[in-house]
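okay, predicted coordinates and the sequence, questions at the end:
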Amino acid sequence: MVLNGAYLLESDGTAEFEDAAKALVPDLALVLTLVELLRELMERQAIRRVDQRDLTAVQVEQVGATLMALDERWMSYASTFI
């Protein structure tokens, strides 16, 4: 068997999607956990900068919009892969 993208290919060229998905679950869980940790770190950093008044009003709006978009995308990924 050879891992090719999201499929395990048998020597005769047939793909076993379920086996490939099972093989990738531990790796995917690790990646999603790391992405979540980075998202939380970015959010905390943004909140700290807002509280310290390091940002202009425009930057605060941009940070808020970015964090909301990131949260929406994260929820989409999490519901798809978890």
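Noted; the coordinates are in hand.

what about the strands in this structure?
Assigned by DSSP state E, the chain shows strands spanning 2-4, 7-9, 15-16.

which one of those has the lowest average pLDDT?
When mean pLDDT is averaged over each of the strands of the chain, strand 2-4 scores lowest at a mean of 48.

export stretch 35-43 as CSV, just CAs?
C-alpha atoms of stretch 35-43 as CSV (Å, rounded to 0.1, in the frame of the first residue of the first chain):
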residue,chain,number,x,y,z
VAL,A,35,-4.1,25.4,15.0
GLU,A,36,-6.5,25.9,18.0
LEU,A,37,-3.5,26.7,20.3
LEU,A,38,-2.2,29.2,17.8
ARG,A,39,-5.7,30.8,17.4
GLU,A,40,-6.0,31.2,21.1
LEU,A,41,-2.5,32.7,21.4
MET,A,42,-3.3,35.2,18.7
GLU,A,43,-6.6,36.1,20.4
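
so what touches that stretch?
Stretch 35-43 has contacts (Cβ atoms under 8 Å, 6 or more residues apart in numbering) with 67, 70-71, 74, 77. (C-beta placed from N, C-alpha, C; glycine too.)

for the protein, what spans make up the helices?
17-51, 57-81 (DSSP state H).

okay if I get these as a markdown table plus mean pLDDT and mean neighbour count?
Compiled in a markdown table, those are given as follows (pLDDT from 0 to 100; neighbours: other Cβ atoms under 10 Å):
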| stretch | mean pLDDT | mean neighbour count |
| --- | --- | --- |
| helix 17-51 | 81 | 12 |
| helix 57-81 | 86 | 12 |
